[in-house]
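**Q** here you go, sequence then predicted model.
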Amino acid sequence: MGSDDSVVGRVGLVTHATRGPDGAGEVKVSIRGGSEIFLAWSDEPLPKGATVLVVASRGARALDVVPWTAP
């Protein structure tokens with residue numbers, strides 16, 4: 001399955017904490033008229049409830065995310 005670039009640039013909510021380089025968590029992203037859950041990878045661990053920005057799609061419903069604070 002290829003990457004899903006339509007999710008890149010969207011803001012999401014961590015539903016299962018990420019573990020930084022030790023493993024993925026899960027993020028809920030509003031897209032396509034609803035909400036979808038994706039596996040989420042981050043450089044640093046992020047807690048459940050953190051707001052994140054999707055910076056890349058890894059394909060197969062997996063994303064790279066970074067912490068996000070609305071401007």
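**A** Thanks, I have it.

**Q** and the strands in this protein?
**A** 11-16, 18-19, 25-31, 34-41, 45-46, 51-59, 62-67 (DSSP state E).

**Q** which one of the ones you listed lies closest to D4?
**A** strand 51-59 (4.9 Å; CB to CB). Any C-beta I mention is one placed from the backbone N, CA and C, and that applies to glycine too.

**Q** tilt between that closest one and strand 25-31?
**A** 90 degrees (axes from the mean of the first three to the mean of the last three CA atoms, to 10 degrees).

**Q** may I see the buried residues of strand 51-59?
**A** Buried residues in strand 51-59, counted by 16 or more other CB atoms under 10 Å: 52-54, 57.

**Q** and that strand, what does it pack onto?
**A** Packing partners of strand 51-59 (3 or more CB pairs under 8 Å, 6 or more residues apart in numbering; DSSP states H and E): strand 11-16, strand 25-31, strand 34-41, strand 62-67.

**Q** distance from the chain centre to the first one, please.
**A** For strand 11-16, the distance between its averaged C-alpha position and the chain's averaged C-alpha position is 6 Å (CA atoms, centre = their mean, to the nearest Å).

**Q** quick one: mean pLDDT over it.
**A** Over the span of strand 11-16, the pLDDT mean works out to 98.
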